[in-house]
Every structure is written in structure tokens, then in C-alpha cells.
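Q: Below is the structure, and that's it, no one-letter string:
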């Protein structure tokens, strides 16, 4: 193990480590803690210049205010309307593409695979004008469906990379045995490979959920009104309205950040497994 | 028909499985790349007639100061963003212990990555806010004079990069934590018996084993740096006086904001950014291709 386990270190270092841990964490999360504190600080405190002291009371009414006086509930609903179809769509498409690229040997296999991988890295701006145009001509501009369709297509690149590598690591003998038995390719996919892909599906769902929830660029390019904007774009317009109303901005930020955070803590194992795929060989 | 299917299903099956995904990907990703390249030779407001102007957009770029500001900022982003790699490694090493509660510490350190960049941007705007921001106060106490980071042309880009590094370091950290978890213990023990420790151990024994993690960390950091858009848009909107623009933001500003709908000019900027990124992407793909064909 590296570094040497702290248990083998002298007593003084052990104590120093135990003290350093919470201190480092506190410093690391300082911006977050500041915003969390501000979100429960009454507006009167801010007006009096009490920015860092104890709040005079815990003003949870800031949160109620945000919900009452802004369309944030609608923004959040929109975010779900974009995120959930995207997760499902990507998984359906990439289970199939990943299967095709992992199981079959054909000449352009690697070419197609690297097309997906490379496409996944391109700057969004090179896609922006044509994708906006395409969405307009499909009549889906400024709709959650239009946004979701783009996300499905784009995320398929990353998901294909992930699924293909995952299936490649499965024992190939299973498929060969099935083929000897005369099982059709579709049934191999459905009854043999798909059930084994559960961990990959779980990992990708949480990852894609978080990526799409947090997307801001495409939200601003493809949606324009409060009826369709997801919460990231919505928060930015609210920020413009709430000039210097930091208690509201903070409360709004925390609300917007919450769903992926809950998702992360609930599915931590899968999340990290997904993110670190390929970090070890 | 049925006989034909039976005979050649193993040849056809991969293409049938690929068809829907590949069609979507081609429609929304591959084809638009070439469409953008084509648009960059036109003068177009997005609605009216496209007018062919040849390389005029690119000629205009050469004399555009805002373009060079953005390009310079992109370079600064790229260089400083790569600090996330050693920083993430340091934190990973710091946290790679088995003491009580360490799992909670690891997930809390990772936390910034889960939060949207919009929220990160707002948090840091508050952190830097003149007169009452935590960072402003801190500088004021130390130097006697506060600095409004986001309103100062000298510091604004660095201020935004720090905000970007925060989640990026968390990401790199988690990659290295996983890597460290899989370092071969016997090699470490053997090196220890040979008297290796500290930096030498890290450099000669640990880092070579962390190669795959380092590769991914560099890839995601380079791509992340060149894609930076959200934080610039949220924290400064490119200001003050356009000094914090990066190419991705400048493109958006030209093509799709209140400053105008110059789709052709925007596309030309996007093509330049794409060309820069292609250099890195080709490198990554080349390495992955080699790994793939060696196996």
C-alpha cells in the first residue's frame, strides 16, 4: 500500500493526520459551506452587513421564497423531462452498439468504435449551429424533447465506449457455447449478455443523469423560455433577476444542485465505478 | 429469405445492432461537424440567405483582437488546468489511508464534481464578490486593499480557472484513488525492502503503475480546459471588456447572443477550436488504437 499506512507511523504523526483530515476538508468545501450558510441567512442580516457571523435565525423562508416567487419548480420539472428520457435513450442505443462492437469481428469495427470515441471529445461549438438548425427544422426548438434528442445522440458516444469495454471483459465462451447450441444472435443479446450488463447499466444511469442534469451549454442553445428551460439555464436567468439577493441565489443554487447530489450519495459505488472505468488495467 | 438470414445473420447482426445508435450519432454529431465547416465559408444570420464569401471569415479572424484574447486565454486555461493532475494525485495520496470515517472523507472531497458548473460558478462569484466576499475579505485583511477579482482584467481569467480547478481536482483525485487501490502491494513491499521511500518510491514504483489513471486524467483535463464555457458565461459573461473570453464563449457570443447572429463567423471560430482539439484527440485516439491492436 502507498503511502505507508498511518497506523505504522509514530503517535505524533497519527494525531497530526487525524487533525489534518477535517481541517483540509473544511478548507476544501469552504465555498460550498459559505453558500449553504448564506442560503439560510435572513435578508435583513445581509442588509446589515452580517455576512459571516451567525445568522440571527435560520431563515428557511428563503427556500420557500424561491419556490413561491420564481418558476424554479418548473425548471426542475423540465430538467427531469430532459434527463430521464436521455438516460433511457442512451442506454437502449449503447447496449446495442456496445454489444455489436464487442462481440463481432468485422473489418470496420475499430473504425466505428473510434468514431464514437472521437465524436465524444469534440467541442460543442462545432456542433452548435447545425444542431440548432436541425432542431428548428424538426419543429423541436425550445422543447425538452429537442434537447433530449441531442443529448441521447451525443452521450451515445461515451456510453458506447463504456458498454463496449464492459462487454469485452465478459467471458466470450458464454457466447460461443450459445452459438454452438444454435441460439440466434438476438437471443444471445437479450438472454445472455443483457442480464450480465446490469452493473454497467447502473453505473451509466447515474453518470448520464448527472452529466445531463448539469448541462448548461445546450440548455441555453436549444431552449429559451421558462416553460422549457432546465434548471441550470433557469438558475442563470434567475441570477440576472436577483441582483445581489445572495440569500435567494444561494438557496436556488442548493435546490438546483440537490438531485444529482442525492443521486451520487445513493448510488456512490456505481457512480465511481462508472467514472473510473479504464483508470485501472 | 429465412435461409439467407440463417446463413448470414452473424454478418448482418452487428450492423443491425449498430444502426439506430450510429444513425443518431451521425445525424447529431458527425454530419454537423462538416456542416459547420461548410457554414464557415458563408455570411449567414441564421435565417436569411447564405452568402458565399470564401475565406473572408478566416481573414477577418486574423485581424480580430478579441480572437487573440480568447486564444491566449485558452492557452492559460490549458496550462493551469493541468495542475489538476498533480493536485488530484496529492489529495489522493493524502486520503489513501484506512482510518475511521475515511470513506466519508473521500466522498466529501469528491463532492464538487457532482455539482453543476453553474452552481460552482455562482459559489465562486460569491466567494470573490467585492466588499463582502470571503476571498475579497481575506485579501483585504492581508494586503489592506481588496481586489475585485472578476472585475479586474489582470486576474479575471485566473479567478475563473480556480473555480474550474475545484471540481476538476476532485475528478482526478477519484481516478487516482482507484488507481492507488490497485497498485501491486508486493512491488511496493519489495521496493521498501530495497530502501525506496517518499518521492523516489512515488516516481519509480507508484507512478508507472498509475499510468492508465494518469492517461485518463490528462485526457479529461485537456478536454475540460478547451471546453470551458459554463464558468465564463456564468461568472463574467466574458467581461470585463471581453478579457475573460475563451474561444468556446467567443463563438457563442458571435453566433447566438444579443451581439448578433453571425453564424458563419461563429462557425469559423468553432473550426479553429475544433482544429486545436483535434490535435489532442488524434493523440489520444492514436494511443488507444495502439493499446487496442496490441492486445
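A: Now that the structure is in, tell me what you want to look at. These numbers were taken from a predicted model, which means no experiment stands behind them.
Q: So residue A:107: helix, strand or coil?
A: At residue A:107 the chain is in coil, as set by DSSP: H, G, I helix; E, B strand; the rest coil.
Q: So it versus residue B:11, what's the distance?
A: Distance of residue A:107 to residue B:11, computed by Cβ to Cβ, to the nearest Å: 11 Å. Where you see a C-beta, it was placed from the backbone N, CA and C, and this is true even at glycine.
Q: Also residue B:181?
A: 42 Å.
Q: Could you check which of these two has the larger neighbour count?
A: Neighbour count, other Cβ atoms under 10 Å in any protein chain shown: between residue B:181 and residue B:11, residue B:181 has more, with 13 against 10.
Q: Where does the prediction get shaky in the chain?
A: Just so you know, I chose chain A. Confidence mapping of chain A against pLDDT under 70 gives the ranges A:278-281.
Q: you looked at the wrong chain, it should be chain B
A: B:295.
Q: Buried residues, the helix ranked longest in it. List them.
A: The longest helix of chain B (DSSP state H) is helix B:263-294. The neighbour-count check on helix B:263-294 (16 or more other Cβ atoms under 10 Å in any protein chain shown) flags B:263-274, B:276-278, B:280-281, B:284-285, B:288-289 as buried.
Q: from the chain's centre, how far out does it sit?
A: Relative to the centre of its chain, helix B:263-294 is centred 13 Å away, using Cα atoms, centre = their mean, to the nearest Å.
Q: That one close to chain A?
A: Yes. Against chain A, helix B:263-294 shows contacts by Cβ under 8 Å from any Cβ of the partner chain at B:263, B:266-267, B:269-271, B:273-274, B:277, B:280-281, B:284-285, B:288-289, B:292-293.
Q: and that helix, what other elements does it pack with?
A: If contacts are counted by 3 or more Cβ pairs under 8 Å, 6 or more residues apart in numbering or on different chains; DSSP states H and E, helix B:263-294 sits against helix A:109-119, helix A:125-137, helix B:31-39, strand B:42-43, helix B:56-62, helix B:65-81, helix B:211-227, helix B:247-256.
Q: now the angle from that helix to helix A:125-137?
A: 110 degrees (axes from the mean of the first three to the mean of the last three Cα atoms, to 10 degrees).
Q: what's the spacing between residue B:93 and residue B:175?
A: In terms of Cβ to Cβ, residue B:93 sits 13 Å off from residue B:175.
Q: When the two are compared, which one has more neighbours?
A: Neighbours were counted for residue B:93 and for residue B:175 using other Cβ under 10 Å; residue B:175 has more, 27 against 17.
Q: OK, contacts around that one?
A: With contact set as Cβ atoms under 8 Å, 6 or more residues apart in numbering or on different chains, residue B:175 has these partners: A:275, A:276, A:279, B:88, B:213, B:216, B:217.
Q: give me that answer again for 7 Å
A: Residue B:175 makes contact with A:276, A:279, B:213, B:216, B:217, according to Cβ atoms under 7 Å, 6 or more residues apart in numbering or on different chains.
Q: tell me which element it is part of?
A: If you go by DSSP states H and E, residue B:175 is part of helix B:156-181.
Q: Buried residues of that helix, list them for me.
A: Buried-residue list, helix B:156-181, by 16+ other Cβ under 10 Å: B:156-157, B:159-180.
Q: Now the element after it, going C-ward?
A: helix B:185-193.
Q: Name the residues that touch the next helix-or-strand element following that following helix?
A: For helix B:185-193, the following helix or strand on the C-terminal side (DSSP H and E) is helix B:198-201. With contact meaning Cβ under 7 Å, 6+ apart, helix B:198-201 is reached by A:2, B:191.
Q: List the buried residues of helix B:198-201.
A: Within helix B:198-201, the residues that count as buried by 16+ other Cβ under 10 Å are residue B:201.
Q: same thing with stretch A:101-115?
A: A:101, A:102, A:103, A:104, A:106, A:109, A:112, A:113, A:114, A:115.
Q: Return the distance of the third one relative to chain B.
A: To tie it back to what came earlier, the one meant is residue A:103. 8 Å (Cβ to the nearest Cβ, to the nearest Å).
Q: returning to what we had before: tell me what angle the helix holding residue B:175 forms with helix B:65-81.
A: Counting by the same axes, to 10 degrees, helix B:156-181 lies at 30 degrees to helix B:65-81.
Q: next one: helix B:156-181 to chain centre, how far?
A: Remark: helix B:156-181 is offset 11 Å from the chain centroid, using Cα atoms, centre = their mean.
Q: try stretch B:84-103
A: 22 Å.
Q: check whether that stretch contacts chain A.
A: Yes. Stretch B:84-103 lies within reach of chain A by Cβ under 7 Å from any Cβ of the partner chain, at B:93, B:96, B:97, B:98, B:99.
Q: Including secondary structure, could these go into a markdown table?
A: Shown next, in a markdown table, are those (three-state DSSP):
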| residue | secondary structure |
| --- | --- |
| B:93 | helix |
| B:96 | coil |
| B:97 | coil |
| B:98 | coil |
| B:99 | coil |
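Q: which residues does the residue nearest the centre of chain A contact?
A: The residue lying closest to the centre of chain A (Cα atoms, centre = their mean) is residue A:210, at 1.5 Å. Shown in contact with residue A:210 (Cβ under 7 Å, 6+ apart): A:260, A:263, A:264, B:114.
Q: can you pull the buried residues of the helix or strand where it lies?
A: Element membership of residue A:210 [criterion: DSSP H and E] is helix A:198-213. For helix A:198-213, burial by neighbour count (16+ other Cβ under 10 Å) applies to A:200-213.
Q: just stretch A:211-226 next, same as before
A: So for stretch A:211-226, counting by 16+ other Cβ under 10 Å, buried means A:211-223, A:226.
Q: Likewise for stretch A:165-177?
A: By 16+ other Cβ under 10 Å, the buried positions in stretch A:165-177 come out as A:165, A:166, A:167, A:170, A:175.
Q: does chain B sit close to that stretch?
A: No. Stretch A:165-177 lies out of reach of chain B by Cβ under 7 Å from any Cβ, never closer than 9.6 Å.
Q: Pull the distance from the lengthiest helix in chain A to the chain's centre.
A: In chain A, taking DSSP H as the definition, the longest helix is helix A:72-103. Computed by Cα atoms, centre = their mean, the chain-centroid distance of helix A:72-103 equals 11 Å.
Q: could you give the angle of that helix to helix A:198-213?
A: Computed by the same axes, to 10 degrees, the angle separating helix A:72-103 from helix A:198-213 equals 140 degrees.
Q: So for helix A:72-103, what gets flagged as buried?
A: Quick answer for helix A:72-103 (16+ other Cβ under 10 Å): A:72, A:75-76, A:78-79, A:81-83, A:85-87, A:89-91, A:93-103.
Q: Same question for stretch A:250-261.
A: For stretch A:250-261, burial by neighbour count (16+ other Cβ under 10 Å) applies to A:250, A:251, A:252, A:253, A:254, A:255, A:256, A:257, A:259, A:260, A:261.
Q: same question, stretch B:81-88
A: By neighbour count on 16+ other Cβ under 10 Å, the buried set for stretch B:81-88 is B:81, B:82, B:83, B:84, B:85, B:87, B:88.
Q: Chain B: which of the buried residues of stretch A:211-226 is nearest?
A: Nearest to chain B among the buried residues of stretch A:211-226, counting by Cβ to the nearest Cβ, is residue A:214 at 3.8 Å.
Q: Can you tell me the closest non-neighbouring residue to the closest one?
A: residue B:116 (3.8 Å; Cβ to Cβ, 6 or more residues apart in numbering or on different chains).
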